[in-house]
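> Got a predicted structure plus its sequence, pasted below:
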Amino acid sequence: YVQLAALPLTPNGKVDRKALPAPADSDYAARGYEAPQGEVEATLAAIWAELLQIERVGRHDNFFELGGHSLMAVTLVERMRQAGLHADVRALFLQPTLAQLAEAVGGASLDVVVPPNLIPEGATSITPPMLTLVQLDQAAIDGIVAGVEGGAANVQDIYPLAPLQEGILFHHLMEKEGDPYLLPSLYSFASREALESFAQAIQQVMDRHDVLRTSIAWDGLPQPVQVVHRKVHLPLSFETLDPRDGDVAEQLEARYDPRHLRLDVGRAPLLRCHAAHDPSNGRWLLRLLAHHLAIDHTTLELLAKEAQLIEQGRTDLLSSPAPFRNFVAQARLGVSREEHEAFFRQMLGDIDEPTAPFGLLDVQGDGSGIDESSLLLSAPLSQALRAQARRLGLSVATLVHLAWALVLARCTGRQDVVFGTVLFGRMSAGQEADRVFGMFINTLPVRLRIDTRGIAEAAHQVHQLLAQLLRHEHAPLALAQRCSAVEAQVPLFTSLLNFRYTPQSEESVDEASAAAEGDALLLRAEERTNYPLTLAVDDLGEDFMLTAQVQASVGAERVCALMHTALQGMVQALQDAPQQAVRDVEVLPAAEREQVLALGRGPEREAPEQSVGQRISAQALRTPQATAVQAAGRRLSYAELESQTNRLARHLQGLGLKPDD
C-alpha cells in the first residue's frame with residue numbers, strides 16, 4: 001500500500017498510471033499476519049527475520065515477496081542446517097511460504113556422507129587405500145607424486161575434478177594460445193611495502209584454503225585429478241616498465257594478457273602475481289591472475305576480504321576454512337547420472353537446431369574481437385522490476401531469464417529458445433557452502449517457449465523450471481547437451497546469461513583514501529568466456545547493471561538496448577495486462593525497429609499518378625491471361641482478378657460503403 005496526498009490524473013481526469021510512484025520496500029504488506037506455529041516455524045521465522053532484516057515474519061509470508069533471493073537462499077539453507085533443519089533447496093523455490101517450507105523440513109541431513117581423507121601428515125608414500133574419493137593404481141599415484149615439489153610429504157589430498165572443472169580443463173587443453181578462463185585483476189598501492197604486505201596476506205589465505213594450493217594432473221591417468229599441496233608459495237615477480245613507453249598499467253596488462261598468456265595448471269598454485277612501479281602516478285601496481293579451475297567470482301571476493309582482514313590484524317573474524325573436497329564429493333556422489341539424463345532429455349530431447357542469435361555459432365573463442373558495453377537501468381525501471389517480482393512471489397532473476405528469452409526469440413525467429421545460464425553452484429554444495437573457497441559455478445542449458453501464454457503465467461513457469469534445475473546444478477554441461485537432438489559437432493546454444501548479486505558497499509573507497517590508509521585499491525577486473533554472446537545482469541542492491549560481451553560485428557551496446565527494451569516491455573505488460581501473450585512483448589528499441597521497418601519498405605519512391613486499382617485495370621487490358629495472383633495451388637489471371645474485384649466493389653457500394661471507408 002502506497003499512501004498519496006492525491007492520485008495523479010491525466011488531462012481527461014483519469015488516473016495517470018505512469019505517474020504513480022513505484023512502491024518502496026516498506027510499502028509491501030505481509031500477508032495477513034498469523035504467528036508461526038510450533039518449534040520449526042518459530043526457528044525458521046527467526047532466521048528469516050535476521051536474514052531479511054525485518055521485525056516479524058508470519059507463517060503465510062513468502063520469502064521472495066519479503067525481498068529474498070537465491071544468494072540469500074544459500075545462507076538460509078546453511079543457517080537451517082546449523083539449527084538441525086534440513087530441506088532440499090528446491091523446496092524454498094517451490095514452497096516459498098514459511099508454513100510450506102516448515103512442512104518440507106526433515107530432521108535428517110540431505111548431504112552426501114563424505115569419506116575422510118586418509119593421507120597422514122608426514123607420509124613418505126601414498127597408496128591407493130588412502131585415496132577415498134578416487135580409484136588410482138600405485139603406478140598412477142607414483143606418477144602424480146613425482147610431479148609434486150617435496151614429493152609425498154607435500155601431498156595433502158588427491159581427488160577428482162568437479163563437473164565444471166572438467167569442462168574448463170577440456171577447453172584449456174584445446175586452446176593453443178591464450179586462455180579465456182584466466183581471471184585478471186589490477187590493484188593499486190601507495191608503496192611497495194603495502195603491495196608486499198597484501199601479497200603476504202594472500203599467502204596466508206592460501207595456507208588456510210586447500211583449493212588455493214591445488215594443481216591439476218591428467219597425463220596418463222584414467223581421469224583428471226586435482227592434487228592438494230600442503231605448502232606452496234605465491235609466485236610474485238617485479239617487472240621494470242618505462243613510463244616513456246606508455247601508461248604503466250596498460251603495459252603491465254598487455255604483457256600479461258590472457259588472450260596470449262597461458263598458465264601451467266599442472267603447477268600449484270593456480271594464481272600468479274606480477275608487480276610494477278608506476279612513478280608517473282605515484283603508485284605500485286599488482287596484476288593478479290587467477291584460473292577459473294580453482295576460483296570463481298565469489299571465491300575471488302572471499303579471498304580479497306580475508307586478505308584485508310589479515311592485513312588489518314582482525315584474524316578473529318575469519319571463519320574456520322572448509323575443504324573443497326566436500327563439495328567435489330557432493331557434486332559427484334549426489335544426484336545420479338541417470339537422474340541428470342532423464343531431466344535434460346525431457347527438457348531438450350526434441351530440440352534439433354542450435355539457438356544462435358545473430359548467427360553466432362563459434363563457442364571456441366579465446367575472448368579476442370569481443371566488444372563490451374554496460375548499461376545501468378534507471379531507478380524507476382529497477383524499482384518496477386523488484387515490485388513485479390515481489391507481487392508475483394518470484395525472484396528478479398526469474399524475470400531476467402524470461403526477458404533474455406524474449407530477446408533471443410526475436411533475434412533467432414524461434415519460438416523455443418535455449419541458452420546457457422550460470423548457476424551459483426552453492427545451493428546444493430553441502431555444509432558451509434556459503435564460505436567454501438573453490439570453483440562452484442556451473443553453466444547449464446535452459447529451454448523457454450515464447451508463445452501465446454500470458455506473461456504472468458510464463459514467468460511462473462520459468463520460476464518452476466529454474467527451481468527444478470537447482471537439483472541438477474552440478475550436472476556436466478556435456479551430458480546436458482548430449483540429451484538434445486542437436487548434432488554432436490554443433491553447439492546447443494551460443495549465448496550465456498549470468499545473473500549475479502553484487503551489492504555495492506555503502507562506503508565507496510576512492511584512490512586517495514585507500515592510498516592514505518595503505519589499502520589495496522581494485523582498479524579493474526575482467527571476466528571472459530568462450531561464448532560469442534554473454535549478458536551479465538548485476539543486482540547492485542537497488543539498481544541493476546547490464547553488461548554485454550559480443551563479437552564486435554554485432555555490437556554490445558545494441559545487445560544492452562535489446563535487453564533494456566525487453567525488460568521495459570515485460571514490466572509494462574505485468575503492470576497493465578498480465579494476460580498479454582508473452583510473444584507480443586516488444587523487444588526492438590525504437591531506433592532498431594525503425595531500421596527494420598525501413599528495410600521492409602525498401603527505397604522510397606514518388607507516389608504513382610494512378611491508384612493500384614487503376615494500374616491493375618490497365619494491366620488487364622495489356623495481358624488479360626497473365627497470372628496476377630497465385631496461392632495455395634490456385635491462380636487468377638489479370639482479367640479474372642479485375643472481374644472478381646469489380647463484383648466485390650459493387651457489392652460493397654450496395655451496402656452503402658464509400659471510397660476510403
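Noted; the coordinates are in hand. Numbers count the residues shown, from 1 in each chain.

> gap between the residue nearest to the spatial centre of the chain and Ala485?
Centroid-nearest residue in the chain: Asn498, 1.5 Å away (criterion: Cα atoms, centre = their mean). Taking Cβ to Cβ, to the nearest Å as the measure, Asn498 falls 27 Å from Ala485. Backbone N, C-alpha and C define where each C-beta goes, glycine included.

> sorry, back to before: contacts only, for the residue nearest to the centre of the chain.
421-422, 534-537 (Cβ atoms under 8 Å, 6 or more residues apart in numbering).

> need the residues you listed in a markdown table with neighbour count and distance to Leu263, can you?
What follows is these, written out as a markdown table (neighbours: other Cβ atoms under 10 Å; distance: Cβ to Cβ, whole Å):
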| residue | neighbour count | distance to Leu263 |
| --- | --- | --- |
| Thr421 | 20 | 27 |
| Val422 | 20 | 22 |
| Thr534 | 25 | 22 |
| Leu535 | 24 | 27 |
| Ala536 | 21 | 23 |
| Val537 | 22 | 29 |
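
> ok, those residues vs Ala577, which is closest?
Using Cβ to Cβ, Val537 is the member of those that lies nearest Ala577, at 24.4 Å.

> So the closest one, which state does it fall into?
Of the three states, Val537 takes strand according to DSSP: H, G, I helix; E, B strand; the rest coil.

> For it, which residues count as its bridge partners?
For Val537, the beta-bridge partners are Phe499, Leu546 (DSSP bridges).

> Next, give phi and psi for Pro115.
Main-chain torsions, Pro115, degrees, to the nearest 10: phi -70, psi 150.

> no, scratch that, I was asking about Ala577
Taking degrees, to the nearest 10, you get phi -150, psi 70 for the backbone angles of Ala577.

> cool, and Leu236?
Dihedral angles (degrees, to the nearest 10) for Leu236: phi -130, psi 120.

> residue ranges of the strands in the stretch 551-661 of the chain, please?
627-631, 634-637 (DSSP state E, counting those that start in this stretch).

> could you redo these as CSV and give each row distance to Gln481, mean pLDDT and mean neighbour count?
Shown next, in CSV, are those (distance: least, Cβ to Cβ, whole Å; pLDDT from 0 to 100; neighbours: other Cβ atoms under 10 Å):
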stretch, distance to Gln481, mean pLDDT, mean neighbour count
strand 627-631, 41, 91, 12
strand 634-637, 46, 92, 13
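
> export the ones you listed to CSV and tack on distance to Ala520?
Listed next are the strands of the stretch 551-661 of the chain as CSV, based on distance: least, Cβ to Cβ, whole Å:
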stretch, distance to Ala520
strand 627-631, 71
strand 634-637, 77
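
> Arg79: which of these is closest?
Per Cβ to Cβ, nearest to Arg79 of the strands of the stretch 551-661 of the chain: strand 627-631, 66.0 Å.

> Tell me the strands beside the closest one, with direction?
Using DSSP bridges, the strands paired with strand 627-631 are strand 634-637 (antiparallel).

> Can you tell me how far the residue nearest to the centre of the chain is from Ala83?
32 Å.

> again, but for Tyr531
40 Å.

> Of the two, which one has the most company?
Between Tyr531 and Ala83, counting by other Cβ atoms under 10 Å, Tyr531 is the more crowded of the two (24 against 14).

> Would you verify that the more buried one is located in a helix?
No - assigned with three-state DSSP, Tyr531 falls outside any helix and is coil.

> just checking, it touches Ser495?
Yes - using Cβ atoms under 8 Å, Tyr531 is in contact with Ser495, at 6.5 Å.
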